[in-house]
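> Model the structure of this input:
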Amino acid sequence: MQIGEKWMKWTLCEAGTKTASKVLQKVVGNMCVSLAHTFLATIVIGLVQIIAGLVMTRLQKVKLFGDHANIIGSCLFGFFAVVSTVLAFGAFYYGGDMGVNTFIITLSIIPGALIDRFFFNHKLNGREWLGVGVAVLAGYAILGWPSLTEFTKLPFWVWLSFGTMMSVAINQGITQKVKKVDPFVKNFWGGLTTVILCLVALIILGKTGIILDFSGSAPELWLVSAIIGLIVVGMWAFNLLSYKGGAYIALKKLVMNGTYLITAMFCGAMFFGETLSPSKLLGIVFYFGAFVLMDKGTWEFLTRKNAAT
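Prediction:
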């Protein structure tokens, strides 16, 4: 594995957009007056994706109504993106720690590896399974080594973070399945699905009035959410391009999440005063240990180097 590989470049770009989005999600979560506002913020993100998808497909003369399987896949991606986005906003609404939230989400490498194994026939060997185990240990460290009793009493935002983790892993599988779809076609259909689902949620909650309510911090909520939407357009494109460049779910997520994790941890400390505890730092170390174990190229490079000395 080399930094010059195409999928690696796109993956690092995706990590940067994820960190920027995470910082702004924390800002939006702090702005939200109620959980209904998390759906409103997600609607704004979806609207930006729809507009970007329409404009770019027109400029590139790409058909929006092309392969039906790709459209269905893009809509499914949009569905799980709604789940992950609303849960992420909800985690911060309930006072979530950005660093811990990010780390839990990075543990999607575990269900991601299982998706690779059972749906894409990318078998993991013993060393790679050990890497998965080290990743689990890293998650245990990041939560502060809770006992079984403490684990059952974790804050609600932690469980919302685990829900985000699962939806993110599922979306990685969907992305690999429909990797031939144009990024902006994917943004259009995924964004449309996002808007429809969140509008339905607001109707069920009886909170559609907040869409036209621009009092208080509502204008700032719209603005920050729109910026997140622009970032998400790039994020989805980079995610798709990394798989077109030949990435596997487990390996790609180790590279992306390792970068994402470190930058998000330090951004949480810099911008929101979150603590960088020894267990958090140890979790990062374990995570990179998992990367070495799961990445064949890195493992072979290190073992050859040690053998030579």
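
> show me the contacts for the most centrally placed residue in the chain.
Computing the C-alpha centroid of the chain and ranking residues by CA atoms, centre = their mean puts Val168 first, at 5.4 Å. Val168 sits next to 80, 84, 105, 108 when contact means CB atoms under 8 Å, 6 or more residues apart in numbering. (C-beta placed from N, C-alpha, C; glycine too.)

> Look up phi and psi at it.
Phi and psi for Val168, reported as degrees, to the nearest 10, are phi -60, psi -40.

> Could you measure from the closest residue to it other than its chain neighbours over to Phe80?
Distance criterion CB to CB, 6 or more residues apart in numbering; nearest residue to Val168, sequence neighbours excluded, is Ser108 at 4.6 Å. Using CB to CB, to the nearest Å, Ser108 is found at 11 Å from Phe80.

> Over to Met265?
Distance, Met265 to Phe80, by CB to CB: 25 Å.

> These two - which one has more neighbours?
Ranked by neighbour count (other CB atoms under 10 Å), Met265 and Phe80 place Met265 first, with 24 against 21.

> Test for you: state the pLDDT assigned to that one.
Looking at Met265, its pLDDT is 84.

> where are the low-confidence patches of the stretch 151-300 of the chain?
Along the stretch 151-300 of the chain, the model assigns pLDDT under 70 to residues 249-251, 253-254, 295-298.

> can you map out the strands along it?
Using DSSP state E, counting those that start in this stretch, no strands are found in the stretch 151-300 of the chain.

> quick revisit: got CSV for the contacts of Val168, with secondary structure, distance to Ile204 and pLDDT too?
Formatted as CSV, those follow (DSSP: H, G, I helix; E, B strand; the rest coil; distance: CB to CB, whole Å; pLDDT from 0 to 100):
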residue, secondary structure, distance to Ile204, pLDDT
Phe80, helix, 19, 92
Ser84, helix, 20, 90
Ile105, helix, 26, 81
Ser108, coil, 28, 78
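
> host element of Gly73?
Assessed by DSSP states H and E, Gly73 sits inside helix 68-93.

> Now find how far off-centre that helix is within its chain.
Distance of helix 68-93 from the chain centroid (CA atoms, centre = their mean, to the nearest Å) equals 10 Å.

> For that helix, which residues meet the burial criterion?
For helix 68-93, a neighbour-count test (16 or more other CB atoms under 10 Å) marks 70-71, 73-93 as buried.

> could you say what helices and strands it packs with?
In terms of contacts (3 or more CB pairs under 8 Å, 6 or more residues apart in numbering; DSSP states H and E), helix 68-93 is packed against helix 6-31, helix 36-60, helix 98-106, helix 156-177, helix 183-205.

> in the last one, what's buried?
Which is helix 183-205. So, applying 16+ other CB under 10 Å, buried residues of helix 183-205: 183-199, 201-202.

> re earlier: now for the residue nearest to Val168: which residues touch it?
Shown in contact with Ser108 (CB under 8 Å, 6+ apart): 165-166, 168-169, 172, 253, 257.

> again with Lys207
34, 36, 39.

> so which of these is the most crowded?
Phe39 (27 neighbours).

> is it true that it touches Leu202?
Yes. Between Phe39 and Leu202 there is a contact under CB atoms under 8 Å: 5.4 Å.

> residue ranges with poor pLDDT in the stretch 1-150 of the chain?
1-5, 148.

> about what we covered before: out of the contacts of Ser108, give me the two with the largest separation.
With CB to CB as the measure, no two of these lie farther apart than Met166 and Asn257, at 14.7 Å.

> Tell me which of the helices and strands packed on helix 68-93 sits nearest to Thr275.
With CB to CB, the closest approach to Thr275 among the helices and strands packed on helix 68-93 belongs to helix 98-106: 8.5 Å.

> report the angle between the axes of the helix or strand following the closest one and helix 156-177?
Using DSSP H and E, the helix or strand that follows helix 98-106 in sequence is helix 109-119. Angle of helix 109-119 versus helix 156-177, following axes from the mean of the first three to the mean of the last three CA atoms, to 10 degrees, is 30 degrees.

> And the helices in the stretch 201-309 of the chain?
218-244, 249-272, 278-294, 296-308 (DSSP state H, counting those that start in this stretch).

> and of these, who's closest to Gly144?
Set against Gly144 and scored by CB to CB, the helices of the stretch 201-309 of the chain come closest in helix 278-294, at 5.2 Å.

> What residues of the closest one count as buried?
280, 283-284, 286-294.

> Can you tell me how far Ala69 is from Val178?
For Ala69 relative to Val178 (CB to CB), the value is 7 Å.

> Nearest to Val23 among the contacts of Ser108?
Asn257 (16.3 Å).

> Now the closest one: closest residue in space, sequence neighbours ignored.
Spatial nearest neighbour of Asn257, chain neighbours left out: Thr106 (3.6 Å); criterion: CB to CB, 6+ apart.

> What's the local residue count around that neighbour?
27.
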